[in-house]
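give me a 3D structure for the following:
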Amino acid sequence: MSYALYYWGHIQGRGEFVRLALEQAGAEYVDIAREPEERGMGVAAVRRLLADESLAFPPYAPPVLRAGDTLIAQTANILMFLGGRHDLAPADEAGRLWAHQLQLTATDFVVHIHDTHHPIAGSLYYEEQLPEARRRAEKFHVDRLPKFLHYFERVLRSNPLSSEHMVGERLSY
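Numbers count the residues shown, from 1 in each chain. This is a model prediction of the structure:
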């Protein structure tokens with residue numbers, strides 16, 4: 001199956017997790033925003049999808065993955081879907097839930113990192129909130145970063161199947 005990924009042009013962000021999973025799976029996909037607008041794609045196509053009032057299950061924001069007639073939004077949700085389809089997650093339910101739990105924790109981590117650059121509002125440029133960003137980054141570095149890193153190191157040490165993987169004995173999403 002070929003997929004269509006809707007995410008902003010050259011921003012890695014949350015969409016990069018999906019791109020990496022698609023690449024690891026060797027899945028055929030089109031990165032819509034990175035294709036020419038003259039061909040009906042580009043960032044304009046992402047905006048059209050988000051504005052489409054006819055969708056029964058409209059996505060709130062990118063990333064969005066089209067798999068046939070199905071639209072799947074939210075990074076962790078997309079990864080859970082791809083994990084099951086492309087052997088990037090354990091086959092058993094407990095393992096799949098564990099992989100999903102770790103992805104949700106990683107998503108929380110990314111939000112904390114993002115907020116160090118946009119502590120007041122995501123709509124403001126970083127340069128417009130420098131004093132607040134510096135303060136937020138300092139607090140993140142002292143209070144949150146060590147906790148997240150310690151947790152992920154603990155998970156890695158706790159895996160009975162591999163000291164190189166967090167989930168199971170091979171690469172997962």
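
distance check, the closest residue to residue 62 other than its chain neighbours against residue 133.
Of all residues beyond its chain neighbours, the one nearest residue 62 is residue 7 (4.5 Å), with distances taken as C-beta to C-beta, 6 or more residues apart in numbering. Where C-beta positions appear, they are placed from N, C-alpha and C, glycine not excepted. For residue 7, the distance to residue 133 (C-beta to C-beta, to the nearest Å) stands at 24 Å.

between those two, which has more neighbouring residues?
residue 7 (25 against 19; other C-beta atoms under 10 Å).

separation between the more buried one and residue 89?
21 Å.

would residue 72 count as being in a helix?
No - per DSSP: H, G, I helix; E, B strand; the rest coil, residue 72 lies outside any helix segment and is strand.

okay, and the beta partners of it?
Listed beta-bridge partners, residue 72: residue 65 (assigned using DSSP bridges).

is residue 58 in a helix, a strand, or coil?
For residue 58, the assignment made with three-state DSSP gives coil.

contacts only, for it.
Contacts for residue 58 (C-beta atoms under 8 Å, 6 or more residues apart in numbering) come out as 50, 52.

quick check: pLDDT value at it.
Looking at residue 58, its pLDDT stands at 97.

okay, now residue 90: neighbour count?
Using other C-beta under 10 Å, residue 90 has 20 neighbouring residues.

that one: which element?
Per DSSP states H and E: residue 90 is located in neither a helix nor a strand.

who's in contact with the residue lying closest to it once chain neighbours are set aside?
Of all residues not flanking residue 90 in the chain, residue 168 sits nearest, at 5.2 Å (C-beta to C-beta, 6+ apart). Residues counted as contacts of residue 168 (C-beta under 8 Å, 6+ apart) are 90, 95, 159, 161, 162.

look through the chain and tell me its longest helix.
The helix that spans the most residues within the chain, counting by DSSP state H, is helix 93-117.

could you point out which element follows that helix?
For helix 93-117, the following helix or strand on the C-terminal side (DSSP H and E) is helix 130-139.

now do the buried residues in that next one.
By 16 or more other C-beta atoms under 10 Å, the buried positions in helix 130-139 come out as 133, 136, 137.
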